[in-house]
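Visitor: Predicted model, plus sequence, below.
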There are 2 protein chains.
Amino acid sequence: MCHSPTDQHMAIAVDCVVFGLDDEDLKVLLIQRDAEPMAGVWALPGGFVLPDETLDEAASRELAEETGLTRVFLEQLYSFGAVDRDPRGRVVSVAYYALVALRDHRVRAATDARDVAWFAAADLPTLAFDHEHILDMGLQRLKGKVRYQPIGFELLPSKFTLSQLQRLYEVILERSLDKRNFRKKILAMGILEELDEVEQDVAHRAARLYRFDPDKYARLVEAGFSFEV
Amino acid sequence: MCHSPTDQHMAIAVDCVVFGLDDEDLKVLLIQRDAEPMAGVWALPGGFVLPDETLDEAASRELAEETGLTRVFLEQLYSFGAVDRDPRGRVVSVAYYALVALRDHRVRAATDARDVAWFAAADLPTLAFDHEHILDMGLQRLKGKVRYQPIGFELLPSKFTLSQLQRLYEVILERSLDKRNFRKKILAMGILEELDEVEQDVAHRAARLYRFDPDKYARLVEAGFSFEV
DNA sequence: TTGCCTTGGTGTAATCTGTACACTATATTA
DNA sequence: TAATATAGTGTACAGATTACACCAAGGCAA
């Protein structure tokens, strides 16, 4: 590849903005870099794309290698190509964003990562390279997309209460929603399956559990339905 | 750059999906390739990113070089990284989409392009590489975005009639709109400036001309307004 | 010059959707 | 059994969306 017709070769990296939701707020998963440059600095999980893998494959692989996360919602976000964004030379980064149900996944530091940790999206450390910029873009995308596509469910366990779902939107959209109106609207969509189960181990009346039904959703979309919170 | 720490070098290209609108339908600007591979085949304008330019700069430059278009709306679309998408080797393409007021811009074939022509989006020739896939994505993005952001104006001359604007949405969204409701809604937004001019050289009653006012729009957005057709 | 053709431009009533708002029910814990 | 914490429910009003039909103006051809 060093002597293709163009000889305009560059390195291509992928970086992942991984979102998680805990009871309180929106979190982002960061790794502490173990290698130079910027060893010890917090950064988005990511790395170089290998010659025989697609961009999506590279993003999944890096996420698994550096954080242990597999089988999560992962979608391309934007590509970053500032000339001097990486001190090692010309590196274009294709950024992805991932949504993870925090409680269902344990993360662990591995390849190239000294440590892995969840940080509140509103209170982040200084990040390596242009990763703050990438993260901003991820946040913007999440806020924009969560209202029009049923991706929020990816941040919850598969069985969840309506209050959890409502809190999810309140946290991401940064505004409060009316309980009765929210429940009315969400249930009227007909994309949730009402389970014969309630949450366990809570110090108050237990709430009913629901599950998102992707098939019902797909059928409704087919018929012209469009999701909107 | 051949011996950076990673040695995972690839070529990076940009490709542009250029949309234009004529009285009848939505058009896409294609070039007929002059160089191998795929000489003589129609393709999206584009080319390799140079070492000292950003992705946005590369997209503008290629568009200008191959089609003569400058100063048009140009926004990143998606990056394509299938391993075998280009026979020359590993090439990742960062795709852009552009919106052009067809009448205001003359296009001309130049560097690397044997010919340049507008094709109806609904009736395209076979395209080089994975450009049909890229074009599909561009169409999807345009349809999705035109409803929620005032980018449609980029496809019209700076002074336009409400009927032209309505036809624009009808063509892109592929459904008809009610004339009275459309005008009521658009005018109620308060983002158009009503001019003291009417269109010229028409064989019927001349329609009043309007202009999109980006400042008014920016002020409204500031105040919480959100555009929607 | 008259009439025809084409597109421009306008209002209202009915329906649907979104919003505001407060109390009772149920489980746990002290 | 009382206190507390969250679950769960309905209605009235306002605003937005939809459906719908006719007159106006200018060019053109007979």
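Guide: Structure received.
Visitor: Tell me how many other residues crowd the nearest residue in space to A:Phe80 that is not next to it in sequence.
Guide: Leaving out its chain neighbours, the residue that sits closest to A:Phe80 by Cβ to Cβ, 6 or more residues apart in numbering or on different chains is A:Ser93, at 4.7 Å. C-beta: built from backbone N, CA, C; applies to glycine. The burial count assigned to A:Ser93 is 26, neighbours taken as other Cβ atoms under 10 Å in any protein chain shown.
Visitor: Just checking: what are the partner strands of the helix or strand where A:Ser93 lies?
Guide: With the criterion set as DSSP states H and E, the secondary-structure element containing A:Ser93 is strand A:91-100. Paired with strand A:91-100 in the same sheet, following DSSP bridges, are strand A:9-21 (parallel), strand A:73-80 (antiparallel).
Visitor: Report the beta-bridge partner residues of A:Met10.
Guide: Going by DSSP bridges, A:Met10 is paired in beta bridges with B:Met10.
Visitor: What's the local residue count around the residue in chain A positioned nearest to DNA strand C?
Guide: When distances are taken as Cβ to the nearest atom of the strand, chain A reaches nearest to DNA strand C at A:Arg205, 2.8 Å away. The local packing count at A:Arg205 equals 7, with neighbours defined by other Cβ under 10 Å.
Visitor: Under a three-state scheme, what state does it occupy?
Guide: Assigned state for A:Arg205: coil (three-state reduction, DSSP: H, G, I helix; E, B strand; the rest coil).
Visitor: Next one: the longest helix seen in chain A, is it in contact with chain B?
Guide: Ranked by residue count under DSSP state H, the longest helix found in chain A is helix A:131-146. No. Helix A:131-146 stays out of contact with chain B when judged by Cβ under 8 Å from any Cβ of the partner chain, the minimum separation being 8.9 Å.
Visitor: Buried residues in that helix, which are they?
Guide: Applying a neighbour-count criterion of 16 or more other Cβ atoms under 10 Å in any protein chain shown, one finds A:His131, A:Ile134, A:Leu135, A:Met137, A:Gly138, A:Leu139, A:Arg141, A:Leu142, A:Val146 buried in helix A:131-146.
Visitor: Was I right to think the fourth one contacts A:Tyr96?
Guide: No. Under the criterion of Cβ atoms under 8 Å, A:Met137 makes no contact with A:Tyr96, lying 11.1 Å away.
Visitor: Between these two, which contacts overlap?
Guide: Taking Cβ atoms under 8 Å, 6 or more residues apart in numbering or on different chains as the contact criterion, the residues that touch both A:Met137 and A:Tyr96 are A:Val17, A:Leu77.
Visitor: for chain A, what are the low-confidence residue spans?
Guide: A:1-8 (pLDDT under 70).
Visitor: Which residues of it lie near chain B?
Guide: Applying Cβ under 8 Å from any Cβ, one finds that chain A approaches chain B through A:1-2, A:4-6, A:8-12, A:48-56, A:58, A:76, A:78-83, A:88-90, A:92, A:94.
Visitor: Please produce a ChimeraX select command covering the buried subset of the residues you listed.
Guide: Here is the ChimeraX selection string for the buried members of the residues of chain A next to chain B, based on 16+ other Cβ under 10 Å:
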select /A:1,4,6,8,9,10,11,12,48,49,50,54,55,56,58,76,78,79,80,81,82,83,90,92,94
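Visitor: Could you pull out the helices in chain A for me?
Guide: Listed in chain order, the helices of chain A (DSSP H) span A:55-67, A:131-146, A:162-173, A:179-189, A:214-222.
Visitor: Between the ones you listed, which one is closest to B:Ser158.
Guide: helix A:131-146 (28.2 Å; Cβ to Cβ).
Visitor: which bits of chain A sit near DNA strand C?
Guide: Counting by Cβ under 7 Å from any atom of the strand, the residues of chain A close to DNA strand C are A:Asp178, A:Lys179, A:Arg180, A:Asn181, A:Lys184, A:Lys185, A:Val202, A:Ala203, A:His204, A:Arg205, A:Ala206, A:Glu228.
Visitor: The fourth one - how many residues pack around it?
Guide: If I follow you right, that is A:Asn181. Using other Cβ under 10 Å: A:Asn181 sits among 9 other residues.
Visitor: likewise the last one?
Guide: Neighbours of A:Glu228 under the rule other Cβ under 10 Å: 9.
Visitor: Looking at the strands paired with strand A:91-100, which is nearest to A:Gln164?
Guide: Ranking these by distance to A:Gln164, with Cβ to Cβ as the measure, places strand A:9-21 first at 8.7 Å.
Visitor: and the angle for that closest one with helix A:131-146?
Guide: Using axes from the mean of the first three to the mean of the last three Cα atoms, to 10 degrees, the interaxial angle of strand A:9-21 with respect to helix A:131-146 works out to 60 degrees.
Visitor: For strand A:9-21, what is the distance to the chain centroid?
Guide: Here strand A:9-21 is found 11 Å from its chain centre; the criterion is Cα atoms, centre = their mean, to the nearest Å.
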